[in-house]
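Undergrad: Using only what follows, build the 3D model:
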Amino acid sequence: MIMIINRNHYFLGGIILTYIAKRLIIPIVFLLFLTSCSSGGEPAGGTRSGDDKKLTFLFNIPSQTLDPNLDVNYTAVRAGIAETLVKISPGLTIEPWLAEDWKSKDGQTWVFTIKDHLTFQNGKRADANAVKASLERTIKDSEAMKNALNIQKIQAKGRTLTIKTKEPFPGFPSELVHPNTAIIDVSGQNVSQKPIGTGPFQVSSFQPGHKIELERYDGYWDGKPKLKHVTFSFNEDANARVMALQSQDADIIYRPSVENIEHIQKDPSIIVDTAPSLRVHQLLYNTGKDSLANVHLRRALDALLDRKEIADSILGGQAQPADGPFLADFPFAPRSTRKPGGLEEAKAELKKAGYQLQDGKAVKNGKPLSFTLLTYQSRPELPLIAQVLESNAKQLGISIKIQQVENIDEYLSENGDWDMATYSAMTAPRGDAGYFLNTAYMPNGALNYSGIHNQTLVTWIDEFNRTIDEEKRNSLAKKAAELIQKETLNSFIVIPQNITAYRDHVVNWETSKSEYYMLTKDLDVKTK
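TA: Numbers count the residues shown, from 1 in each chain. Below you'll find the model as predicted:
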């Protein structure tokens, strides 16, 4: 368990952020919320006897589709509907899932043995041919996965699946951890509403953006699931999720509001659980803008971010300052390369960038310095971080206009009218540095919204991608991460904790670092 000292006001870099910890909730709104979340007239988990156990799980980000090959929220894997060939273990290593084993002699041709007696939730065999068809659908429907997997051809016979990549790709198995590679029966109808996977739970009904009703799949390959029925609901409001837990309208909630944790811990029937995440909150710079192509200006902005204060105050101690893109636990995490911070350091870097203070404004070539900073509410700490940067930048004569957007990835990929953005991304969700290096720093990377093209970095990542020896791969990843920090291509701010809260009748819940695996066959509730 954790204990947090609640704060109503945070002082950060000269700004007082009023952070209301206890909000007044209009009774009628509260009642309407409870009605909308409830799957029936009884509290969540109301049936906890014999072989008819139920549970309600409340997640923070709604999904409009359950198609595992396209859903950016990975709901099908999180809800135990579909599974991938391999998965990441609690110890952050790659382990078998639907594949029994795999091998390669050259890092280009990979032979996977599919587990025996696998079936989809409609009873059909999930053999190598079915896996081949599913992966081919992934490549066809998802350009991002087509580029990530880099597959030349797939062959299948019985339980043997042979995949040849277009070039040697030693990190290929880790790419198959990605939930967008989840295996489904491609002959199934209406995949966006009712995908047929191999997981412990099958879809009974789906209301996009609201909830999924799931039923146990009795033929599950890894043993009969303990729960008969699960409701996987969505609500973006962290305080509303807390209310649902307190009213027993939910058994488990994901990411309770930080300011409410101390309060809910006073209830002995509620357990709060945390785990270090593989996610980093960061500041993106649009390097397509002439001003932000200047490394000294990026360093000046970076110096305005008091990481420890942000972790302690805005995130209530449920985060740690980021030394770089990766958790220190990983063998490819570089040594601490945190740069000096503070207003004086920021002033020095701003001067190196060619700016002078005139009438309280940072000016270069007669033009005052101003930026548009994007943020989004689904991670409520990010707008607060944006406010801190805006306030601190004023002390350097820099004007920042904060713009809130609903879908940050969609906006960043479709628009170039922004300068900076608060952003949160998992950097090593597969236990390997390759995902983040390739998606965020290669010219065509799916997360390279900043338009970064550092040729030295590209050369090192290319070498990393071709390297088989694990020690050498780790060394190259460290070099790359150190260069990213040196050039301030992003500003890595804090690594947040994954936080869940659940009622004490829930059994075998595990808060994972990866954020991928939530509803499992072992998840259970105590019988009455």
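
Undergrad: Please name the bridge partners of Ile151.
TA: Thr165 (DSSP bridges).

Undergrad: Could you do the one 10 residues further on as well?
TA: Note on Leu161: beta-bridge partners by DSSP bridges are Phe112, Ala156.

Undergrad: What distance do you get for it to Ile184?
TA: Going from Leu161 to Ile184 by C-beta to C-beta, to the nearest Å gives 15 Å. For every residue, glycine as well, the C-beta is placed using N, CA and C.

Undergrad: Between these two, which is the more surrounded one?
TA: Ile184 (29 against 25; other C-beta atoms under 10 Å).

Undergrad: For Leu369, see how far away the more buried one is.
TA: Ile184 is 50 Å from Leu369, by C-beta to C-beta.

Undergrad: Dihedrals phi and psi, the closest residue to Ile408 other than its chain neighbours?
TA: The shortest distance from Ile408 to any non-neighbouring residue, by C-beta to C-beta, 6 or more residues apart in numbering, is to Tyr376 (4.5 Å). Here is the backbone geometry of Tyr376 (degrees, to the nearest 10): phi -150, psi 150.

Undergrad: number of nearby residues for Lys526?
TA: Neighbours of Lys526 using other C-beta under 10 Å come to 12.

Undergrad: Skip the chain neighbours and tell me the closest residue to it.
TA: His505 (4.5 Å).

Undergrad: tell me the pLDDT at Leu24?
TA: Note on Leu24: pLDDT of 35.

Undergrad: quick one: least confident helix or strand in the protein?
TA: Every helix and strand of the chain was ranked by mean pLDDT, DSSP states H and E. The lowest is strand 9-12, at a mean of 36.

Undergrad: What residues are bridge-paired with Tyr423?
TA: Applying DSSP bridges, one finds that Tyr423 bridges with Gln282.

Undergrad: what's the following helix or strand after the strand ranked longest in the chain?
TA: Identified as the longest strand of the chain according to DSSP state E is strand 490-503. Per DSSP states H and E, the first helix or strand lying C-terminal to strand 490-503 is strand 506-507.

Undergrad: Which secondary structure elements does that following strand sit against?
TA: Applying 3 or more C-beta pairs under 8 Å, 6 or more residues apart in numbering; DSSP states H and E, one finds that strand 506-507 contacts strand 524-525.

Undergrad: any idea where the helices of the stretch 151-300 of the chain begin and end?
TA: Ranges of helices in the stretch 151-300 of the chain, per DSSP state H, counting those that start in this stretch, are 172-175, 238-246, 261-264, 295-303.

Undergrad: do you know which of those helices lies nearest Pro429?
TA: Of all these, helix 172-175 sits nearest to Pro429, with 9.3 Å by C-beta to C-beta.

Undergrad: what sits up against the closest one?
TA: 86, 94, 102, 104, 107, 110, 148-150, 163, 165, 181, 430-432, 434-435 (C-beta atoms under 8 Å, 6 or more residues apart in numbering).

Undergrad: Pull out the buried residues from that helix.
TA: Phe172, Pro173, Ser174, Glu175 (16 or more other C-beta atoms under 10 Å).

Undergrad: ok, now stretch 86-97?
TA: In stretch 86-97, counting by 16+ other C-beta under 10 Å, buried: Val86, Lys87, Ile88, Leu92, Ile94, Pro96, Trp97.

Undergrad: Please apply the same query to stretch 424-436.
TA: 424-436.

Undergrad: out of those, who's nearest Glu344?
TA: Ser424 (29.2 Å).

Undergrad: pLDDT score for that closest one?
TA: At Ser424, pLDDT is 95.

Undergrad: Likewise for Asn407?
TA: 87.

Undergrad: Spell out which residues sit in contact with it, please.
TA: Tyr376.

Undergrad: wait, Gln282 sits on Leu489?
TA: No: counting by C-beta atoms under 8 Å, Gln282 sits too far from Leu489 to count as a contact (10.1 Å).

Undergrad: before we move on, the earlier item: turn the buried residues of stretch 424-436 into TSV, including secondary structure and distance to Leu55.
TA: Formatted as TSV, those follow (DSSP: H, G, I helix; E, B strand; the rest coil; distance: C-beta to C-beta, whole Å):
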residue	secondary structure	distance to Leu55
Ser424	strand	28
Ala425	strand	29
Met426	strand	26
Thr427	coil	31
Ala428	coil	30
Pro429	coil	25
Arg430	coil	28
Gly431	coil	29
Asp432	coil	33
Ala433	coil	36
Gly434	helix	36
Tyr435	helix	31
Phe436	helix	33
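
Undergrad: Closest one of these to Glu463?
TA: Gly434 (11.8 Å).

Undergrad: quick one, what contacts the closest residue to the closest one other than its chain neighbours?
TA: Residue nearest to Gly434 in three dimensions, not counting chain neighbours: Gly171, with 4.3 Å by C-beta to C-beta, 6+ apart. By C-beta under 8 Å, 6+ apart, Gly171 lies in contact with Asp432, Gly434, Asn465, Arg473.

Undergrad: mind giving me JSON lines with those and columns for distance to Thr56 and pLDDT?
TA: Below are the contacts of Gly171 laid out as JSON lines (distance: C-beta to C-beta, whole Å; pLDDT from 0 to 100):
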{"residue": "Asp432", "distance to Thr56": "34", "pLDDT": "87"}
{"residue": "Gly434", "distance to Thr56": "37", "pLDDT": "90"}
{"residue": "Asn465", "distance to Thr56": "43", "pLDDT": "89"}
{"residue": "Arg473", "distance to Thr56": "42", "pLDDT": "92"}
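
Undergrad: Now compare those and name the two farthest from each other.
TA: Counting by C-beta to C-beta, the most remote pair of the contacts of Gly171 is Asp432 and Asn465, 11.0 Å apart.

Undergrad: Got the domain ranges for the chain?
TA: The chain breaks down by automatic domain parsing into domains covering 23-67+191-269+504-525, 83-181, 279-497.

Undergrad: List just the one of the ones you listed that sits closest to Tyr74.
TA: By C-beta to C-beta (comparing all of these), the closest turns out to be domain 83-181, at 3.7 Å.

Undergrad: what about the closest one, start to end distance?
TA: Criterion C-alpha to C-alpha, to the nearest Å; first-to-last residue distance in domain 83-181 is 8 Å.

Undergrad: do the same with stretch 106-115
TA: Stretch 106-115: ends 23 Å apart by C-alpha to C-alpha.

Undergrad: Return the item of the buried residues of stretch 86-97 having minimum pLDDT.
TA: By pLDDT, Leu92 ranks lowest within the buried residues of stretch 86-97, coming in at 82.

Undergrad: residue ranges for the strands of the stretch 151-300 of the chain, please.
TA: Along the stretch 151-300 of the chain, counting by DSSP state E, counting those that start in this stretch, strands occupy 151-157, 160-165, 201-207, 211-216, 229-234, 252-254, 270-276, 279-285.

Undergrad: Leu278 versus the residue nearest in space to the middle of the chain, what's the distance?
TA: Centrality entry for the chain: nearest residue to the mean C-alpha point is Met426, 4.6 Å, by C-alpha atoms, centre = their mean. Here the criterion is C-beta to C-beta. By it, Met426 lies 5 Å from Leu278.

Undergrad: Spit out the residues that contact these two alike.
TA: Ser514, Glu515.

Undergrad: Stretch 209-216: how far from the chain's middle?
TA: In terms of C-alpha atoms, centre = their mean, to the nearest Å, the gap separating the centre of stretch 209-216 from the centre of its chain is 21 Å.

Undergrad: Stretch 485-501 now?
TA: Its chain's C-alpha centre and that of stretch 485-501 lie 12 Å apart, by C-alpha atoms, centre = their mean.

Undergrad: for that stretch, what is the average pLDDT?
TA: In the prediction, stretch 485-501 has an average pLDDT of 95.

Undergrad: buried residues in it?
TA: Result for stretch 485-501 [16+ other C-beta under 10 Å]: buried residues 485, 487-501.

Undergrad: in the stretch 301-450 of the chain, which spans are strands?
TA: In the stretch 301-450 of the chain, the strands defined using DSSP E, counting those that start in this stretch lie at 319-321, 356-358, 361-364, 367-368, 370-375, 399-404, 420-426.

Undergrad: what's next to the fourth one, contact-wise?
TA: When contacts are taken as C-beta under 8 Å, 6+ apart, the neighbours of strand 367-368 outside the stretch itself are Lys361, Ala362, Gly397, Ser399.
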